[in-house]
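>>> sequence first, predicted coordinates after that:
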Amino acid sequence: MKIYSMSLLGLAVVVLITSGCVNGHRGYGAAKEIIIDTKGVDMNDYYDDLGDCEHYAQHVDVGAETAEGAVEGAVLGGVLGAVLGNSKTAERSAGAGAVLGGVKGNKRARYEQERIVRRCLSGRGYKVLN
C-alpha cells in the first residue's frame, strides 16, 4: 500500500510539473510566434487583434488537458504493464504512461490554442504566413 501511495505521489508531481508548461510563450501556451504579412497592416490594430485572439485561446484549459492525458496514459500503461508483467511492471508502466500521456495532452492543448489564434487572425483579415 505504501508503494502504491508513493506511485500516486510521483504521478501527482509529474502532472504538476508538466502542467506548469501552461504558461508558455505569449501567455496562452502556444510555443511559436505568429508571423503575418505586415504590408499595409496597422501594427497597433494587429496587436489589439492578437490580444483578443489570444484571449479566445485561453479558453482551452491546458492544465486540464495535461492532467487528463496523464491519467489516460497511467491507466493504459498500468494495464499494459499488468498484462505483460507483474505489479512492479504495472507500476513502472503506469508512471511512464502518465508522463507520456501528460506531455501528449499538453502538446495537444497547445496546438489547439495556436490553431485558434491563427484562425482568429485569419478571420480578421490578416494573412498568416506560418
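On my side now, so go ahead. Residues are numbered from 1 along each chain as shown.
>>> which one is the residue nearest the centre of the chain nearest to, not counting chain neighbours?
Nearest residue to the geometric centre of the chain (C-alpha atoms, centre = their mean): N106, 1.8 Å. Distances taken as C-beta to C-beta, 6 or more residues apart in numbering place T66 nearest to N106, at 4.2 Å, with adjacent residues excluded. Bear in mind the C-beta positions are built from the backbone N, C-alpha and C, glycine included.
>>> show me the helices in this protein, by range?
2-19, 43-57, 62-84, 87-123 (DSSP state H).
>>> now do the third one against helix 87-123, angle only.
Interaxial angle of helix 62-84 relative to helix 87-123 (axes from the mean of the first three to the mean of the last three C-alpha atoms, to 10 degrees): 150 degrees.
>>> the chain should start at 30 in everything you say after this.
Okay, residue one is now 30; in that scheme the one you just asked about reads as helix 91-113.
>>> what residues of helix 91-113 count as buried?
91-92, 94-103, 105-107, 109-110 (16 or more other C-beta atoms under 10 Å).
>>> same question, the longest one
If you call a residue buried by 16+ other C-beta under 10 Å, then helix 116-152 has these buried ones: 118-120, 122-139, 141-143, 145-147, 149-150.
>>> so how far is A103 from G114?
16 Å (C-beta to C-beta, to the nearest Å).
>>> picking that back up, quick check: the residue nearest to the centre of the chain touching A93?
No - counting by C-beta atoms under 8 Å, A93 is not a contact partner of N135; they are 10.5 Å apart.
>>> pLDDT value on the closest residue in space to K133 that isn't next to it in sequence, please?
Using C-beta to C-beta, 6+ apart and skipping residues adjacent in sequence, the residue nearest K133 is G98, 5.1 Å away. pLDDT, G98: 93.
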